[in-house]
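Participant: Here is a sequence with its predicted model. Questions after.
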Amino acid sequence: MKSILRAVYNRARGVIKTARANWSTRRRAAEWRSDAWEHDPAYSRRTTIGEYSTYRQTQISKMEAMIAAGQTQRSPRDLALFLDRFENLPLPHAASVLCLAARLGSEVEAFIKLGHFAVGVDLHPGPANSFVVTGDFHALQFADGSVDCIYTNSLDHAYDLDKIVAEVRRVLKPGGFFVLDAVDGYEEGFMVGPRDTTHWPTAQAFAGMIAERGSFAIERHTRPDQHWQQFVLRKS
């Protein structure tokens, strides 16, 4: 009897989970078609972001929610994923690496394990974070031409792409690398999340736009996993 009840419970739970996921997808699709987003050929931007102070607090609230939920430990799974993404990057020995919007810093830890000097910046690094310092990728606190590589997977959470691209170019050394991980675009079947601020038709078109605006050369394009694409751009 217990096994029958458990099977019924699990089936009902699965139906509810699927229904919630379908509802969420429909809601996000409806929002995407509404005035909440403005669409240009290169990329789309959420119109309801508000002033920068509002955007900043929204981004900070993500970490506050993680802290409230007790989610402040780096995941071994995330570390393994980043190690796999980074191990074949064309970086010099013991490169200096800056990770943008790094949150808990799993990507920073991965670069360090691969033998590099790495640090991350985030608007809210969380408590006792030894890998990430407080910083804003729209206005970096680091010197011109001071790092070998900059990494980010967070341009879908940008407020002003042009400011970020300009800061990346400013801080990179001549010939330095900008490693960009980007989710698939909407033409590739990936729908934006509720807190995303930027999206694009295809990841490759978006990377091409970033390269053009920052005067970077795209040196490599790979797909590290199902929904992500990685671009290695070099500062010319």
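Facilitator: Yep, that arrived.
Participant: so Leu98 touches Asp122, yeah?
Facilitator: No: counting by CB atoms under 8 Å, Leu98 stays clear of Asp122, with 11.7 Å between them. Using the backbone N, CA and C atoms, a C-beta is placed for each residue, glycine as well.
Participant: Any idea what Phe117 is bridged to?
Facilitator: With DSSP bridges as the criterion, Phe117 is bridged to Ser96.
Participant: can you check Thr222 too?
Facilitator: Gln230.
Participant: what number of residues lie near it?
Facilitator: 12 (other CB atoms under 10 Å).
Participant: how far away is it from Asn129?
Facilitator: Separation of Thr222 from Asn129 (CB to CB, to the nearest Å) stands at 29 Å.
Participant: Now for the nearest residue to Phe216 once chain neighbours are set aside: which residues touch it?
Facilitator: Sequence neighbours aside, Leu233 is the residue nearest to Phe216 in space, at 3.8 Å (criterion: CB to CB, 6 or more residues apart in numbering). Listed by CB atoms under 8 Å, 6 or more residues apart in numbering, the contact set of Leu233 reads 177-180, 207, 210-211, 214, 216-219.
Participant: Can you flag which of these belong to helices?
Facilitator: Counted as lying in helices by DSSP state H, out of the contacts of Leu233, are 207, 210-211, 214.
Participant: quick one: which of those is nearest Glu38?
Facilitator: Glu38 lies nearest to Ile210 out of the ones in helices among the contacts of Leu233, by CB to CB, at 18.7 Å.
Participant: correct me, but that closest one touches Leu180?
Facilitator: Yes: between Ile210 and Leu180 there is a contact under CB under 8 Å: 6.6 Å.
Participant: any common contacting residues for those two?
Facilitator: Common neighbours of Ile210 and Leu180 are listed as 155, 231, 233 (criterion: CB under 8 Å, 6+ apart).
Participant: Would you map the helices across this protein?
Facilitator: Listed in chain order, the helices of the chain (DSSP H) span 2-32, 52-68, 76-86, 106-113, 161-171, 203-214.
Participant: Can you flag the weakest of those helices by average pLDDT?
Facilitator: Of all these, mean pLDDT reaches its minimum on helix 2-32 (a mean of 51).
Participant: Let's see the pLDDT reported for Met191.
Facilitator: What the model reports as pLDDT for Met191 is 85.
Participant: what about it, neighbour count?
Facilitator: Residues lying near Met191 (other CB under 10 Å) number 15.
Participant: Equivalent analysis for the one 3 residues further on, please.
Facilitator: A count of nearby residues for Pro194, using other CB under 10 Å, gives 8.
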